[in-house]
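**Student:** Here is a sequence with its predicted model. Questions after.
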Amino acid sequence: MGRLFGTDGVRGTANKELTPEMAFQLGRAGTASLVKDKTRPQIVIGRDTRISCDMLEAGLIAGICSVGGDALLAGIVPTPAVAYLTKDMEADAGIVISASHNPVEDNGIKFFHKDGFKLPDAMEDDIEKTVRSDLEKIKRPIGPNVGRVVPIGDAAGKYIQYVLSKAELDLDGLKIVVDCANGAASFIAPKVYEQLGAEVIPINNSPDGININLQCGSTFPEVLKHKVLEIGADMGLTHDGDADRVLACDHMGNVIDGDQIMAICGLDLLRKKELPKKTIVATVMSNLGLDIAFRKEGGKVVRTKVGDRYVLEEMRKEGLLMGGEQSGHIIFLNQNTTGDGIVTAIQLLKVVSESKTKLRDLASQVEKLPQTLVNIKVENKEALEENQKIKEAVNDITESLGEQGRILVRPSGTEPKVRIMVECGDADKMDKIIDEMSSLIRSELC
């Protein structure tokens, strides 16, 4: 049996791998593991808009209350709102029910420590050990010691006020399209940008429980592009289901990815001498053009494994301010303890406003190497690590590319897929590498 926790909590098909029974067990084990020896711990729970959240929330609540904890319900809010509320309310832990950018049939449960940061591996391992072998050892209080359910009054409003208090920005005269992915951003993002003075045209902001991320949001940026061009907006922003990501689009319809957003914001901080150690953190998936852009300005890009948790670990270890992923999951540690799509959008808008420069021109600071990413659904992604044929093929390709490109083959942290990424200045060569590696992975792992 594989590890229960992946790179971003416990994920799976709702009511199949991720069942209400599992949610109950995680509620019990998480409360007992994270809040030892406290008579009435308080756990914040937030969720996105997908239909299975009701079912999983009920399981979590029952688990928390069964060990004497109070479940503080934030309702539908972005993942970063849970991180903020957990710390601000001095709760003992936070839990988010969301599968982020994944389709509606998936869901996930991820924990936050009382300090608002996601859990390190050791804490997740402790929860997993409890789920697998120690559940019956957890106390079962009775009578007045059973936990309660406590709704948080206007949790979304508290988060909005916090974000606005950090903004210091006037967007008067700016016309922005905002794709809310029919997710947690639907009730919050348009309000934030409107209160900062922008004219906001929201799209995909009518969640019905089953349309989250459905042909919309940050995994379908072409939807944003078409709307921006249709109405002649100055720019667009597109979030994912739990609003911890954002991508952008300029007035010409060019999609601005996370690498470009990191360059725009990071280089601005670097020039202002506000970027610690002149360094940002990115993952191995980020385009080499990001490194080149920072080197030109005397800055540096440090790389980690894929996953925002590894970016955050490196940032905290080195005392850095900013880091993120090409997907638009970007962390500003002076703003929040986790990736925050709305906060990131505000930082981007601040550079646009202060520089009086069009987003298209700011994004041109990064000259990206051609890059192709292919996802292959496999039966057992864990088998990739031990497959010698694939390892040898990757080594051969790496040697042949030299300094003119690179290849990365890795299992997805959240889905049953293997991801192939190739960067190369020769488009024909890149296509050939992708085709050959895809065929090998299908023959070996499917």
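**Tutor:** Yes, it's here.
**Student:** Would you confirm that residue 68 contacts residue 41?
**Tutor:** Yes - with contact defined as CB atoms under 8 Å, residue 68 and residue 41 form a contacting pair (7.4 Å). C-beta coordinates here come from the backbone N, C-alpha and C atoms, glycine included.
**Student:** how about the helices in the protein?
**Tutor:** Secondary structure of the chain (DSSP state H): helices located at 20-34, 53-66, 79-88, 121-129, 155-165, 189-195, 221-231, 258-271, 288-296, 308-318, 341-355, 359-363, 388-401, 427-445.
**Student:** got a markdown table for those helices, with mean neighbour count, distance to residue 145 and mean pLDDT too?
**Tutor:** A markdown table is the format used below for the helices of the chain (neighbours: other CB atoms under 10 Å; distance: least, CB to CB, whole Å; pLDDT from 0 to 100):
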| stretch | mean neighbour count | distance to residue 145 | mean pLDDT |
| --- | --- | --- | --- |
| helix 20-34 | 23 | 13 | 96 |
| helix 53-66 | 22 | 10 | 98 |
| helix 79-88 | 26 | 23 | 98 |
| helix 121-129 | 16 | 22 | 93 |
| helix 155-165 | 18 | 26 | 97 |
| helix 189-195 | 20 | 40 | 98 |
| helix 221-231 | 18 | 50 | 98 |
| helix 258-271 | 24 | 46 | 98 |
| helix 288-296 | 18 | 53 | 92 |
| helix 308-318 | 19 | 34 | 94 |
| helix 341-355 | 22 | 39 | 97 |
| helix 359-363 | 19 | 56 | 96 |
| helix 388-401 | 14 | 54 | 93 |
| helix 427-445 | 15 | 50 | 92 |
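**Student:** Output the ones you listed as a markdown table; include the columns distance to residue 411.
**Tutor:** Listed next are these as a markdown table, based on distance: least, CB to CB, whole Å:
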| stretch | distance to residue 411 |
| --- | --- |
| helix 20-34 | 22 |
| helix 53-66 | 25 |
| helix 79-88 | 23 |
| helix 121-129 | 17 |
| helix 155-165 | 33 |
| helix 189-195 | 32 |
| helix 221-231 | 25 |
| helix 258-271 | 21 |
| helix 288-296 | 22 |
| helix 308-318 | 15 |
| helix 341-355 | 25 |
| helix 359-363 | 31 |
| helix 388-401 | 11 |
| helix 427-445 | 10 |
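**Student:** Among those helices, which comes closest to residue 201?
**Tutor:** When those are compared by CB to CB, helix 221-231 sits nearest residue 201, at 6.3 Å.
**Student:** if we can go back for a sec, to residue 372, which of the helices of the chain lies closest?
**Tutor:** helix 427-445 (5.5 Å).
**Student:** How about residues contacting that closest one?
**Tutor:** Outside helix 427-445, the residues that touch it by CB atoms under 8 Å, 6 or more residues apart in numbering are 370, 372, 374, 376, 378-381, 383-384, 387, 389-390, 393-394, 397, 405, 407, 409, 418, 420, 422-424.
**Student:** Just the buried ones from the residues you listed, in PyMOL syntax?
**Tutor:** Remark: buried members of the contacts of helix 427-445, expressed as a PyMOL selection using 16 or more other CB atoms under 10 Å:
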select buried, resi 374+376+378+381+384+387+390+393+394+397+405+407+409+418+420+422+423+424
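**Student:** Sitting in strands, which of the contacts of helix 427-445 do you find?
**Tutor:** Within the contacts of helix 427-445, residues falling in strands by DSSP state E are 372, 374, 376, 405, 407, 409, 418, 420, 422-424.
**Student:** Which of those residues sits closest to residue 186?
**Tutor:** After measuring the ones in strands among the contacts of helix 427-445 against residue 186 - CB to CB - the closest member comes out as residue 374, at 30.9 Å.
**Student:** Could you list which residues are in contact with the closest one?
**Tutor:** 419-421, 434, 438.
**Student:** what would those look like in CSV with distance to residue 264?
**Tutor:** Formatted as CSV, the contacts of residue 374 follow (distance: CB to CB, whole Å):
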residue, distance to residue 264
419, 26
420, 28
421, 22
434, 29
438, 33
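**Student:** for the helices of the chain, which one sits closest to residue 277?
**Tutor:** Judged by CB to CB, the one of the helices of the chain that comes nearest to residue 277 is helix 308-318, at 6.8 Å.
**Student:** Not counting its own residues, what contacts the closest one?
**Tutor:** Residues outside helix 308-318 that contact it (CB under 8 Å, 6+ apart): 7-8, 117-118, 120, 277, 279, 281-283, 302, 304, 320-325, 329, 331, 333, 338-339.
**Student:** In ChimeraX, select just the buried ones from these.
**Tutor:** ChimeraX command restricting those to the buried ones, with burial defined by 16+ other CB under 10 Å:
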select :8,117,118,279,281,282,283,302,304,320,321,322,323,324,325,329,331,333,338,339
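**Student:** Just the contacts of helix 308-318: which are in strands?
**Tutor:** Filtering the contacts of helix 308-318 for strands - DSSP E - leaves 279, 281-283, 302, 304, 322-324, 331.
**Student:** Residue 17: which of those residues is nearest?
**Tutor:** Of the ones in strands among the contacts of helix 308-318, the one sitting nearest to residue 17 (CB to CB) turns out to be residue 283, at 25.7 Å.
**Student:** can you pull up the bridge partners for that closest one?
**Tutor:** Taking DSSP bridges, one obtains residue 304 as the residues bridged to residue 283.
**Student:** how close does the residue of the chain positioned farthest from its centre get to residue 68?
**Tutor:** In terms of distance from the mean C-alpha position of the chain, residue 143 ranks first, at 40.2 Å (CA atoms, centre = their mean). To residue 68, residue 143 is 11 Å away according to CB to CB, to the nearest Å.
**Student:** hmm, back to that, of the ones in strands among the contacts of helix 427-445, just say which sits nearest to residue 128.
**Tutor:** The closest of these, once distances to residue 128 are taken by CB to CB, is residue 418, at 23.9 Å.
**Student:** Roughly how far does the closest one sit from residue 260?
**Tutor:** 26 Å.
**Student:** before we move on, what about residue 242?
**Tutor:** In terms of CB to CB, residue 242 sits 22 Å off from residue 260.
**Student:** Next one: residue 1, what pLDDT does it get?
**Tutor:** Note on residue 1: pLDDT of 48.
**Student:** again with residue 306
**Tutor:** For residue 306, the predicted pLDDT is 86.
**Student:** wait, it sits on residue 326?
**Tutor:** No - assessed by CB under 8 Å, residue 306 is found out of contact with residue 326, at 9.5 Å.
**Student:** Between the two, which contacts overlap?
**Tutor:** Among the neighbours of residue 306, those also in contact with residue 326 (CB under 8 Å, 6+ apart) are 283, 285.
**Student:** For the ones in strands among the contacts of helix 308-318, could you give me JSON lines that also reports distance to residue 172?
**Tutor:** JSON lines is the format used below for the ones in strands among the contacts of helix 308-318 (distance: CB to CB, whole Å):
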{"residue": "279", "distance to residue 172": "34"}
{"residue": "281", "distance to residue 172": "34"}
{"residue": "282", "distance to residue 172": "33"}
{"residue": "283", "distance to residue 172": "36"}
{"residue": "302", "distance to residue 172": "37"}
{"residue": "304", "distance to residue 172": "39"}
{"residue": "322", "distance to residue 172": "27"}
{"residue": "323", "distance to residue 172": "31"}
{"residue": "324", "distance to residue 172": "28"}
{"residue": "331", "distance to residue 172": "28"}
